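S.K.: Need coordinates for the below:
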Amino acid sequence: MELLLLKDVRKLGHVGDIVEVKIGYARNYLIPQLLATDPTEENIKAIEDEKKQAAAKRARHLKEFETLAEQMADVTVTVEAPANPEGTLYGSVGAKEIAAALQTMGHPVLPEQVILDTPIRTLDNRTVTLEFADEITTQIKLWVVRAGTTEDEHADTEPGSEDDSRFEPDDEDQADDFG
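M.R.: Here you go, the predicted model:
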């Protein structure tokens, strides 16, 4: 089935492209999401301006992504995660955690730009691929280290500390209000 794309669809085409897709993909996703329509003469003419604007926007983004990829070529990021003594993580480190760590370092990376085959489940150093566009990728170094806790963090939550007073009523009148 041939469709005219109304918006850019990754790995399919750009605004104004006429693409050949399977009927199910068209009926269940592209058309209901208003990403595509029938390629009639008037639809093609109506989308001409949007096609030019989208091409200019894509060109701007590609330049930004190329600059960002060059800046990130030598980046090393560290992610802390709780792990057992053998080095196996209690959870996993995924694209979200890596993107958050890069963002705290000042790099505008989104989770969908972090490419992982599987979530990371062990303490280790790895090379992670960042894909900003189909043709713009870079690799960063990732260290997954054990999250450390200190005794001072747990001292504040012990029973009998000053913070427990907030759970006890100050006078008898307040105690009667609760039951």
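S.K.: The helix ranked longest in the chain packs against which elements?
M.R.: Ranked by number of residues, the top helix in the chain under DSSP state H is helix 48-71. Packing contacts for helix 48-71, counted by 3 or more C-beta pairs under 8 Å, 6 or more residues apart in numbering; DSSP states H and E, involve strand 124-133, strand 136-146. All C-beta spots, glycine's among them, are computed from the backbone N, C-alpha and C.
S.K.: Which residue ranges of this structure form strands?
M.R.: Using DSSP state E, the strands assigned to the chain run over residues 2-5, 18-20, 36-37, 76-81, 88-93, 114-115, 120-122, 124-133, 136-146.
S.K.: Buried deepest among those, which one?
M.R.: Ranked by mean neighbour count, the strands of the chain are led by strand 36-37 with a mean of 22 (mean count of other C-beta atoms under 10 Å).
S.K.: what does the domain assignment say about this structure?
M.R.: Split into domains by automatic domain parsing, the chain comes to 2-46, 71-149.
S.K.: Residue 15 and residue 8 touch, don't they?
M.R.: Yes - under the criterion of C-beta atoms under 8 Å, residue 15 makes contact with residue 8 at 5.8 Å.
S.K.: Between those two, which has more neighbouring residues?
M.R.: Neighbour totals were compared for residue 15 and residue 8, and residue 15 leads with 20 against 15 (other C-beta atoms under 10 Å).
S.K.: Name the residues contacting each of residue 15 and residue 8.
M.R.: residue 54 (C-beta atoms under 8 Å, 6 or more residues apart in numbering).
S.K.: mind checking pLDDT for residue 38?
M.R.: pLDDT recorded at residue 38 is 90.
S.K.: swap that for residue 178, sorry
M.R.: In this model, residue 178 carries a pLDDT of 47.
S.K.: cool, residue 152 as well?
M.R.: So, for residue 152, pLDDT stands at 35.
S.K.: Over to the one 4 residues further on?
M.R.: Note on residue 156: pLDDT of 39.
S.K.: and the most centrally placed residue in the chain, what is it in contact with?
M.R.: For the chain, residue 111 is the residue whose C-alpha lies nearest the centre (C-alpha atoms, centre = their mean; 1.9 Å). Contacts for residue 111 (C-beta under 8 Å, 6+ apart) come out as 94-96, 98-99.
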